[in-house]
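Peer 1: Sequence plus predicted model, see below.
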Amino acid sequence: MSMLAKLERLIGEIGDINSKLILLVGTSRSGKTQLLRQLSAKLNIEPLNVGLELGRRLAATPNNKRGFSAGELLREIALLEQFGERTEAPLLLDNLELLFEPSLQINPLDLVRRLAHARRVVAVWPGELRGDRLIYADMSHPEHRDYSQDGVVVLEI
């Protein structure tokens, strides 16, 4: 079964669970973004470049309010995507790295998880899976994060 077929099957299956989040996880250059683009072409919806869209809006936000505003702005962007497209279609997210910016002081996984309560979300995880842990950046890096994969459907690429 192709990765695209597996992903489509997962999207169909997650409609009944509380968190409707699928993370595409793999090493750098493993084809996560390519898979998201294949899905987007098949469903005829554009993936949301979180870094670009959120970065554009955060640039107009005072530094001391960016962390507080990031979640709200991301929800607004997702809502615009929802009303611009079919509401039953999944929200496709790529380029999440901006969410890990230490100055924002937010939990990127939690933020994306909250988006996935209302609708299905397929997101490219910019880190890797080690055992049952979602890792972003090396331990020595200031943006390092380590999360349990609980409540998230992971498709390893």
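Peer 2: Ah, there it is.
Peer 1: so where do the strands sit in the protein?
Peer 2: Using DSSP state E, the strands of the chain run over residues 21-25, 48-49, 91-94, 121-124, 128-130, 133-136, 145-148, 153-156.
Peer 1: Of those, which is nearest K42?
Peer 2: Among these, the nearest to K42 by C-beta to C-beta is strand 91-94 (11.0 Å). In short, each C-beta sits where N, CA and C put it, glycine included.
Peer 1: Direction included, what does that closest one pair up with?
Peer 2: strand 48-49 (parallel), strand 121-124 (parallel) (DSSP bridges).
Peer 1: residues making contact with the first one?
Peer 2: I take that to be strand 48-49. Strand 48-49 has contacts (C-beta atoms under 8 Å, 6 or more residues apart in numbering) with 77-78, 81, 91-95.
Peer 1: same question, stretch 10-17
Peer 2: Stretch 10-17 is contacted from outside by 20-22, 90, 120, 122, 153, 155, using C-beta under 8 Å, 6+ apart.
Peer 1: can you give me the mean pLDDT across that stretch?
Peer 2: In this model, stretch 10-17 has a mean pLDDT of 80.
Peer 1: Near the nearest residue to L134 once chain neighbours are set aside, how many other residues are there?
Peer 2: Distance criterion C-beta to C-beta, 6 or more residues apart in numbering; nearest residue to L134, sequence neighbours excluded, is Y147 at 4.5 Å. Burial of Y147 is recorded as 19 neighbouring residues (other C-beta atoms under 10 Å).
Peer 1: ditto for the one 5 residues further on
Peer 2: Applying the criterion other C-beta under 10 Å, we find 19 residues in the vicinity of V152.
Peer 1: likewise A89?
Peer 2: Other residues near A89 come to 16 when the count uses other C-beta under 10 Å.
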